[in-house]
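> Dropping a prediction and its sequence here:
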Amino acid sequence: MVQLRYFASLRETLGVADEQVDLPDGIADLPALTGWLQERNDTWRTALGDPHLHVAINQAIVKPDCPVSDGDEVAWFPPVTGG
Amino acid sequence: MVQLRYFASLRETLGVADEQVDLPDGIADLPALTGWLQERNDTWRTALGDPHLHVAINQAIVKPDCPVSDGDEVAWFPPVTGG
Amino acid sequence: MICVQTDDFDPGAELEQLHSDNSGTAGAVVSFTGLVRDLNEGNAIRQMTLEHYPGMTEKALAVIEQEACERWSLTATLIIHRIGPLAPGDRIVFVAAASAHRKEAFRACEFMIDTLKTDAPFWKKETTDSEARWVSAPPAAG
Amino acid sequence: MICVQTDDFDPGAELEQLHSDNSGTAGAVVSFTGLVRDLNEGNAIRQMTLEHYPGMTEKALAVIEQEACERWSLTATLIIHRIGPLAPGDRIVFVAAASAHRKEAFRACEFMIDTLKTDAPFWKKETTDSEARWVSAPPAAG
């Protein structure tokens, strides 16, 4: 199982705040996981294809090719605007 | 008449906070005024000879060769240390 | 110290605390208060809602505070950030640094708010008379 | 606004006033609080007395505030400086700048305290266990 989270405009676009999914066989890094989610439909394909999105794994920002393992918490979000 | 003022360590060294004096004939600028005051005694000579002193005329810092006129307020003080 | 909270805070009480935590050792306290502005890109703002990533937010703020304490000699630091709905004029964020010397307090306070604005997972959504829209991030610094 | 006063001040109330004077237009308020330290050049400080040049002080602070307002886009500024006897931990000075944007508020606040420290006629005399001495000015910046 991995915990997936989506924030702010991305959460609204996808209509999902968080979900738990079983990591399919062969999905072992972020590009593969993102690609697998993008297969859901065009909304997901477009939204997760935004090059400005940030990704955090286990609550720390990671690089686009980061490995993903069972038990991870993976979050996608737009550039932050706090402060 | 000119109003003369001395602050902080200079005030303590001279033992005078302020005084009103008649500007003698021929005293028309700051070097002349300072020189005239320095003739009082060695304490004044040494204290007003300190090259780090600032001088304000009419409550604004001035250059060492500034003219002095009847009615002016002239103040000598060490570098400031507020804030 | 780090606080992420819905409630408002009292900058005076927070400054007082920073002073008294270090009575006599701190000579300088610099604070930044961020407020909800009433205008953005020409539109009057009626409400501002702050979303965040619970858990990651606190970690990100702790990293920022720690880095400031490593880079400058500080006697105390504080980051407070509000979440939820806010109105124009409301306080959003408070960042403060205390140090023996003012330059370090200024540099540390500015570093913390600058880094918070790029690294901490908060998102602003503003409501105008006609719409609710997510605030877009400024272009990344070169 | 400029205040030269014997009494203590309330940073929270002052910040609140700066906010409310400009409700909604200011997005950033930066403040500097200067405190009496308990140690100087290795000696424990028991008391600090602030002398100033009444009349010139207010003019010098007004010039500093005016120059800040000319150099940066500010919605409010404030300089408070205490005079008379103070104890370690006491507030000496409070400088604040409010602006739509944080960089301007930081630059203006730092400019005002930096300039106050070189241009405003205040002098500190500190009392240790063994003596009372005038604090010497730091070397002028190059």
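Cool, the structure landed.

> Excluding sequence neighbours, find me the nearest residue to residue C:128.
Closest residue to residue C:128 in three dimensions, ignoring its sequence neighbours and counting by C-beta to C-beta, 6 or more residues apart in numbering or on different chains: residue C:43, at 4.3 Å. For every residue, glycine as well, the C-beta is placed using N, CA and C.

> just checking, the one you found touches residue C:132?
No: the pair residue C:43 and residue C:132 does not pass the contact test of C-beta atoms under 8 Å, sitting 11.4 Å apart.

> Looking at these two, which is more packed in?
For residue C:43 versus residue C:132, the count of surrounding residues by other C-beta atoms under 10 Å in any protein chain shown is larger for residue C:43: 15 against 12.

> That one and chain D, how far apart?
In this structure, residue C:43 lies at 13 Å from chain D, with C-beta to the nearest C-beta, to the nearest Å as the measure.

> Now the phi/psi pair for that residue, please.
Listed backbone geometry of residue C:43 is phi -110, psi 140, with angles given as degrees, to the nearest 10.

> Please name the bridge partners of it.
Per DSSP bridges, residues listed as beta-bridge partners of residue C:43: residue C:40.

> For the closest residue to chain B within chain C, list the residues it contacts.
With C-beta to the nearest C-beta, the shortest gap between chain C and chain B falls at residue C:102, namely 8.2 Å. Contact partners of residue C:102, counting by C-beta atoms under 8 Å, 6 or more residues apart in numbering or on different chains, are C:27-28, C:30, D:32, D:34, D:110, D:113.

> try 7 Å this time
Applying C-beta atoms under 7 Å, 6 or more residues apart in numbering or on different chains to residue C:102 gives the contacts C:28, D:32, D:113.

> Repeat that for residue C:52.
Remark: with contacts taken as C-beta under 7 Å, 6+ apart, residue C:52 is in contact with C:4, C:83, C:121-122.

> do residue C:20 as well
Residue C:20 makes no contacts at all, as judged by C-beta under 7 Å, 6+ apart.

> in stretch C:25-40, what's buried?
Burial within stretch C:25-40, assessed by neighbour count using 16 or more other C-beta atoms under 10 Å in any protein chain shown, is assigned to C:25-38, C:40.

> From residue C:64, how far out is whatever residue of chain A ends up closest to chain B?
Using C-beta to the nearest C-beta, the closest approach of chain A to chain B is made by residue A:83 at 28.3 Å. To residue C:64, residue A:83 is 11 Å away according to C-beta to C-beta, to the nearest Å.

> who touches both of the two?
For the pair residue A:83 and residue C:64, residues contacting each of them under the criterion C-beta under 7 Å, 6+ apart are residue C:116.

> Would you mind identifying the next helix or strand past the lowest-mean-pLDDT helix or strand in chain A?
Lowest on mean pLDDT, DSSP states H and E among the helices and strands of chain A sits strand A:60-61, with a mean of 94. Secondary structure here is assigned by DSSP states H and E; on that basis, the next helix or strand after strand A:60-61 toward the C-terminus is strand A:73-77.

> now check that following strand, is it near chain C?
Yes: using C-beta under 7 Å from any C-beta of the partner chain, we find that strand A:73-77 touches chain C at A:75, A:77.

> Could you tell me the average pLDDT over that strand, please?
The predicted model gives strand A:73-77 an average pLDDT of 98.

> Likewise for stretch C:104-119?
Per-residue pLDDT values across stretch C:104-119 average out to 98.

> so how far is that stretch off the chain centroid?
Offset of stretch C:104-119 from its chain centre (C-alpha atoms, centre = their mean, to the nearest Å): 9 Å.

> does any bit of that stretch sit next to chain B?
No: residues of stretch C:104-119 are not located near chain B by C-beta under 7 Å from any C-beta, the shortest gap being 12.9 Å.
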